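Visitor: Have a look; sequence and predicted model below, questions after that.
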Amino acid sequence: MIYTLTGSNTFLLRRELAKLRSEFVRRHGDFELEYIEAESCSVSDLAAKLSSLPFFSDKRCLIIDQPSAVHSLTEALPELIEATSDLVDVVLIEPSLDKRTKYYKFLKKHTDFREFSDLDEASLASWLVAQAKESGAQLSPSDAKYLINRVGANQYGLSHELQKLATHSKQITRDTIDLLSEPTPQTSIFDLLDSAFAGNARRALSLYENQRVQKVEPQVILAMLARQMHTMALVLAAPRHKSDTVIAKDNSLHPYAVTKARQSTRGMSIANLAKYIAELRAIDRRQKTKNVSLDDALRYFLIRLTQ
């Protein structure tokens, strides 16, 4: 069997890989299981490995990590796979594939193709509730969303936070989330922009100062503001019939970031947003060419957003 594991959700992809590995080891042992880093493997080496039959078991399994990173392997692999014996299982790990290529179309048609996309906020919240239950803990859907908004939508990070919370208490509440977790810089930027666009200068500046206290540099805050405003522009420019999930997929963004951008753009025109983005670019140019305080420039920019 030839498997292709692909998609931006590395958490689910790696979990599926772990399942395939454990199932192979359970059935056939681990002696004929081999992991191959494609960048350190030539076409001739790979051809030899794929044509080698099992010796100590009735099956072999080759796990090949990102062969698409090596052009020669990408060109040779379809022919090599078609010639591979049924006694050899192959797992191709390809987190990022160009769907326009012949290689992608071959894998899609001729392998057990499993794609793992990032989850939107609602799906993430449901997953968190289910994971908490498996850990013997209780987490409400609303508190699951609160945790996502606080620490971000990365499933690795969420899984780690959930384990920590479930160890502390079997009843996970917002109080325990606040006690044991720290808000990530990116989620704080979401809140900062929401506060600014809502006209709440005091809260926006307070959130900015919190970032600085946590030693997040002004250049990093500037970059995060620019990234979020770029996402907001993509949302505003997208046709109305397009869902957040589709916009995220079309632009290689996380659905959560698009959802947060959608919330921030309510009642906003593309012209106003373009003006704000131009102001950020001007701030970036000034801090690179003149002796100006980026801290002060960003504080003034946030005050301008509230007006």
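Guide: That came in fine, so what should we check first?
Visitor: What about Tyr103, how many residues nearby?
Guide: 19 (other CB atoms under 10 Å). (Each C-beta comes from the backbone N, C-alpha and C, glycine too.)
Visitor: give the contact list for it.
Guide: 68, 74-75, 77-78, 97 (CB atoms under 8 Å, 6 or more residues apart in numbering).
Visitor: Buried members of those residues into PyMOL, please.
Guide: Only the buried entries of the contacts of Tyr103 go into this PyMOL selection, using 16 or more other CB atoms under 10 Å:
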select buried, resi 68+74+77+78+97
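Visitor: Okay, and which of the contacts of Tyr103 map to helices?
Guide: With helices taken from DSSP state H, the overlap with the contacts of Tyr103 comprises 74-75, 77-78.
Visitor: Tell me the one among these nearest to Leu273.
Guide: Thr74 (39.5 Å; CB to CB).
Visitor: what residues are up against that closest one?
Guide: Thr74 neighbours (CB under 8 Å, 6+ apart): 67-68, 101, 103.
Visitor: try Tyr156
Guide: If a contact means CB under 8 Å, 6+ apart, then Tyr156 has 10-11 as its contacts.
Visitor: That one should be in a helix, yeah?
Guide: Yes: Tyr156: assigned to a helix according to DSSP: H, G, I helix; E, B strand; the rest coil.
Visitor: what is the mean pLDDT for stretch 109-127?
Guide: Across stretch 109-127, pLDDT averages out at 92.
Visitor: Could you do stretch 27-46 as well?
Guide: The average pLDDT within stretch 27-46 is 88.
Visitor: Next, the buried residues of that stretch.
Guide: 28, 32-33, 36, 38, 41, 46.
Visitor: got the contact list for that stretch?
Guide: Stretch 27-46 is contacted from outside by 21, 24-25, 49, 54-70, 72-73, 76-77, 80, using CB under 8 Å, 6+ apart.
Visitor: Just the buried residues of the residues you listed.
Guide: Listed as buried from these are 21, 24, 49, 57, 59-68, 70, 73, 76-77, 80; burial here means 16+ other CB under 10 Å.
Visitor: check which helix or strand covers Ser22.
Guide: Using DSSP states H and E, the element containing Ser22 is helix 10-28.
Visitor: what element comes up after that helix heading to the C-terminus?
Guide: strand 33-37.
Visitor: All set now, cheers.
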